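Peer 1: Give me coordinates for this.
(chains A, B and C)
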Amino acid sequence: MTRSERSRAEPGRRWLVALLLACSAGSGAVAQTPEVEIQIREHLFYPAEVRIPANTKVKLVIRNLDATPEEFESYELNREKVIVGNSQGIVFIGPLAPGEYPFFGEFNPRTAQGKVIVE
Amino acid sequence: MTSIRIFLTLSVSALILLISFLSAIRGYRESMVEAELLFDQQLLEHAKMLSLLNPSALSGGVRVVQDLVLPNVVNPELGDEMQIAYQIFTEQGGLILRSVLAPVTPMSPFEVGFREVNFSGYRWRVLAILDEEQSHWVLTAQRIDIRYDLAEGIILDAVVPTIITVPLAALLIWLFVSFGLRPLQTLARQVQAREASDLSPVRLDQVPKELTQLSRSINDLLRRLQDSFEREKRFAADAAHELRTPISILKVQVHNLLQELQSPSAQASARELREGIDAMGHLVEQILELNRTAPDQYSLRFQPLDLHALAQEVVSQDFDRILQRAQEFELEGESCWVLGDATALRSLLHNLLTNASKYTPQGGRLRLRVAPDGQGVRCSMEDSGPGIPEQYRERVFDRFYRLHGDQHDSGVSGSGLGLAIVKHIVDMHHASIALDRSALGGLQVLVQFPAAAGGRSTGLPEEAA
Amino acid sequence: MISAVIIVLREVLEGVLLICMLMASACAMGHRLRWLPPALIMGFAGALAYGLFLEPISMLFDGLGQEISSAVILLTTALALVVYSGMLAANATHAGSSGPASGVLLVCVTATTLSLLREGAEIYLYVYGYGVQAGQMASVLAGGTIGAGIGLSLGTFLYYGLRALSRKACLWASAAIAMMTGAAQVMQSTYNLEQADLLPSMQALWDSSVLVAESSPAGEILQAAIGYEATPTAVQLGLYAASLLLSLMAMLLGRLYAGKRRERKA
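Peer 2: A predicted model of the protein is given here:
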């Protein structure tokens, strides 16, 4: 996302945050949130195993390098996001207890498999 | 439930669809599991075969050999792609031999069993086994997407017909349900299409069990209805007819009595008696007229008629009565043609005129206007009498209904049948009637005739010319 | 094929449950189904537009546009359903007291259009991406037909089931469905808000996935019908309960209002 797009989107975001009473303590602390990038290529996740620390909020940036759309989905993480071909999406996860949280691409569940390992 | 046919078609189709689709899914799943097992079996067989190669003989450097290609008899198009990649490692993890597609690193951890892992840009199903001497690891792998495509290609061919049959089944269900409901439609059509006077029994060729009771009930109802209609009709007609003779005799006798009586007071009461008898005679005539003009009784002799000319004729006949009451009368309008029955229309105009005259006080005003109006003809009878309050306007068309009971402001007694006869005649001519307040202060009766068929109502109809 | 079945069925089921309930209850309130065709057309057109412009939409709000638009759609639908449950309760208490007909129709059109828009967009993306772009038309079409067919069949049974009830029972049952599906929409919106980091993500209060896993067929149906969540957090549970409470209040208000009207008439 370019700088100009970001600044254009900003007021809208602030308005929404205000609307939701800023009930998320995290929205102010986006800067400190660790970022993990996951790529989708040929309906596979790279890396297929994501390791993140326990009890920490993590920002997953999912880049879909395929031409086809993919839906990042996890029952365990309660996350679901459609990522159009050749674009990216952001999904916040955590803070989570230690353990394994599988995720998959709903449009290609046979190959697009992965898991978040919380340590 | 608005339509039985739609309900039956939809619910039965939905049920069939649900059962067949669920069983298709079940079949698909089972076949897929079966196919997976077969592919796993292949991996195992090849791993075992490779372990028989005596890997210890293959010392000195890493050899790279061709992948195993499984000939695919079922689906030759995919056959060449169904390759098995493999690796052989020493117990210590040194790579001895690998196929072209297999990476340099172990495809899976050295643990016996099946595993799914990603490498070389694909997701693979990897089997790891130890050879019989427990000295070498043999790893074989197949691409999951190809395994899947292969299996699905075959299974889909079995599923697709199920999907196609469902809409066909739905279509057939629709036809069957329509066929099954046909007797009901026939019955409905027969009941609907009949004339008001036709009370003959409904006939169905083959009455289905479910409709036997209904058609029997309908026919029973029709029969009873017919009986009571006949009875009513006969009674009114017979009674009126039977009353005619005694009334005529009474009239003659009163006439004679009047001649013979000398005392003025006796003459007065005899005169009242005569008036009573006249009224009764009028009533009887009206009843007969009503029966004659009932829509299902009247044999129509329609012809083009000049309604204005007809009005002039009726007025000249009834003019004495108007003169008697010292009423001011005007006939307006112009010649205009309607298709109708002369006797009935004469009776209509007569009734309108006498009604208006009767209920308008001495010296009041009457106005009859017959003129073309748009496509049709408009006939309006106005008076300066008391009029009819809005809430009673519907009821005055009922037989024997009279405003304020018998006592009218003008003190006149009527039969209460005049407007009922008018209504009959109006219906017979497919005209419409409306009551309104007149500009003269009293009632305005508006009769609107439709355009005479075959020509403009104002001029001579073509067939008459 | 099976993933096509699951994707299409899951989306269709949610929409069909809602629309069939609206159809049956609107009929029971004496409205004709004239609102349905325009709502369907708007819903499908909206789904197409949402699917086509999903990428720019996703990029809004720092890349959280998808979550925020989903949450707004879900919460609007939930609000419409809360209002609708009140109308149903009023009408069940005293016929004809569900307010002006245009209000009922507006709610029906809003809920139908928004629900179709969200569900349809995902189906469109999947079918276009895999059926057309990736050339797996046979498998996507077969799976999609099976999924849609099962969803529509269940909807047919729900519709005729509700219509078979007496007017009153149909309206109360519909009010209950409106309340539960509304709560399900609220539950789904919490995932979106958490995912966008606009609601705090917290430890789950319990894990009932041993009893009913969310990925199982029963779990999917429960999720569509009542917003089942195996591992709810306190915030999710609170919002879910608030939504139920709001519907109950709307129903109570509807009942009181209708009761007053009936007395005035009597």
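Peer 1: how about the nearest residue to C:Pro38, chain neighbours excluded?
Peer 2: Excluding the flanking residues, the one nearest C:Pro38 by Cβ to Cβ, 6 or more residues apart in numbering or on different chains is C:Val109, at 6.8 Å. To be clear about C-beta, it is placed using only N, CA and C from the backbone, and glycine gets the same treatment.
Peer 1: Now for that neighbour, how many residues are close by?
Peer 2: 19 (other Cβ atoms under 10 Å in any protein chain shown).
Peer 1: and if you look at B:Glu116?
Peer 2: Residues lying near B:Glu116 (other Cβ under 10 Å) number 15.
Peer 1: Nearest to chain A within chain B, name that residue for me.
Peer 2: Closest residue of chain B to chain A, Cβ to the nearest Cβ: B:Arg123 (4.1 Å).
Peer 1: ok, now how distant is the residue nearest to C:Pro38 from C:Met42?
Peer 2: C:Val109 is 7 Å from C:Met42, where distance means Cβ to Cβ, to the nearest Å.
Peer 1: which parts of chain C sit against chain B?
Peer 2: Applying Cβ under 8 Å from any Cβ of the partner chain, we find that chain C lies next to chain B at C:1-2, C:5, C:138-139, C:142, C:145-146, C:149-150, C:152-154, C:156-157, C:160, C:163-164.
Peer 1: Would you mind naming what in chain B lies close to chain C?
Peer 2: Residues of chain B found near chain C (Cβ under 8 Å from any Cβ) are B:1, B:7, B:10-11, B:14-15, B:17-18, B:21-22, B:24-25, B:28-29, B:32, B:152, B:155-156, B:159-160, B:163, B:166.
Peer 1: Any of these buried? List them.
Peer 2: Among those, those classed as buried by 16 or more other Cβ atoms under 10 Å in any protein chain shown are B:7, B:10-11, B:14, B:17-18, B:21, B:24-25, B:28, B:32, B:152, B:155-156, B:159-160, B:163, B:166.
Peer 1: which one's the longest helix in chain C?
Peer 2: helix C:234-265 (DSSP state H).
Peer 1: Mind listing what's buried along it?
Peer 2: Buried positions in helix C:234-265, judged by neighbour count with 16+ other Cβ under 10 Å: C:235-237, C:239-240, C:243-244, C:246-248, C:250-251, C:254-255, C:257-258.
Peer 1: if we can go back for a sec, pull the contacting residues for the residue nearest to C:Pro38.
Peer 2: C:Val109 sits next to C:Trp35, C:Pro38, C:Ala39, C:Met42 when contact means Cβ atoms under 8 Å, 6 or more residues apart in numbering or on different chains.
Peer 1: Please enumerate the helices of chain C.
Peer 2: According to DSSP H, the helices that chain C contains are C:2-28, C:36-52, C:54-63, C:65-93, C:101-126, C:137-164, C:167-195, C:217-226, C:234-265.
Peer 1: could you dump these to a markdown table with mean pLDDT?
Peer 2: Output for the helices of chain C, formatted as a markdown table (pLDDT from 0 to 100):
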| stretch | mean pLDDT |
| --- | --- |
| helix C:2-28 | 91 |
| helix C:36-52 | 94 |
| helix C:54-63 | 86 |
| helix C:65-93 | 93 |
| helix C:101-126 | 91 |
| helix C:137-164 | 92 |
| helix C:167-195 | 93 |
| helix C:217-226 | 86 |
| helix C:234-265 | 91 |
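Peer 1: Minimum distance to B:Val426: which of those helices has it?
Peer 2: helix C:101-126 (37.7 Å; Cβ to Cβ).
Peer 1: Quick one: distance of that closest one to the chain centre.
Peer 2: 9 Å (Cα atoms, centre = their mean, to the nearest Å).
Peer 1: what do you get for stretch C:85-104?
Peer 2: 20 Å.
Peer 1: Quote the end-to-end distance of it.
Peer 2: Stretch C:85-104 has an end-to-end distance of 11 Å (criterion: Cα to Cα, to the nearest Å).
Peer 1: list the contacts for the residue most central in space within chain A?
Peer 2: Nearest to the geometric centre of chain A sits A:Val91, at 2.2 Å (Cα atoms, centre = their mean). Contact analysis of A:Val91 by Cβ under 8 Å, 6+ apart lists A:Lys59, A:Leu60, A:Ile62, A:Phe72, A:Arg79, A:Lys81, C:Gln195.
Peer 1: What about these, which are in strands?
Peer 2: Using DSSP state E, the subset of the contacts of A:Val91 located in strands is A:Lys59, A:Leu60, A:Ile62, A:Phe72, A:Arg79, A:Lys81.
Peer 1: residues in contact with the fourth one?
Peer 2: When contacts are counted by Cβ under 8 Å, 6+ apart, A:Phe72 is found next to A:Leu60, A:Ile62, A:Arg79, A:Glu80, A:Lys81, A:Ile83, A:Gly89, A:Val91, A:Phe103, A:Gly105, A:Glu106.
Peer 1: make it 7 Å
Peer 2: A:Phe72 makes contact with A:Ile62, A:Arg79, A:Lys81, A:Ile83, A:Gly89, A:Val91, A:Phe103, A:Gly105 under the criterion Cβ atoms under 7 Å, 6 or more residues apart in numbering or on different chains.
Peer 1: quick check, nearest of the residues you listed to chain B?
Peer 2: Closest to chain B, out of all of the contacts of A:Phe72 and judged by Cβ to the nearest Cβ, is A:Gly105, at 11.0 Å.
Peer 1: Tell me who's in contact with the closest one.
Peer 2: For A:Gly105, the contacting residues are A:Ile40, A:His43, A:Glu70, A:Glu71, A:Phe72, A:Ala112, by Cβ under 7 Å, 6+ apart.
Peer 1: in terms of contact, does the second one touch A:Asn108 like I think?
Peer 2: Spelled out, it's A:His43. Yes - with contact defined as Cβ atoms under 7 Å, A:His43 and A:Asn108 form a contacting pair (4.0 Å).
Peer 1: what's the next secondary structure element after the host helix or strand of B:Ile164?
Peer 2: Assigned by DSSP states H and E, B:Ile164 belongs to helix B:144-180. Remark: after helix B:144-180, the chain's next helix or strand is helix B:182-193, criterion DSSP H and E.
Peer 1: average model confidence for the very next helix or strand once past that following helix?
Peer 2: Next along the chain after helix B:182-193, taking DSSP H and E as the criterion, comes helix B:209-260. Average pLDDT, helix B:209-260: 82.
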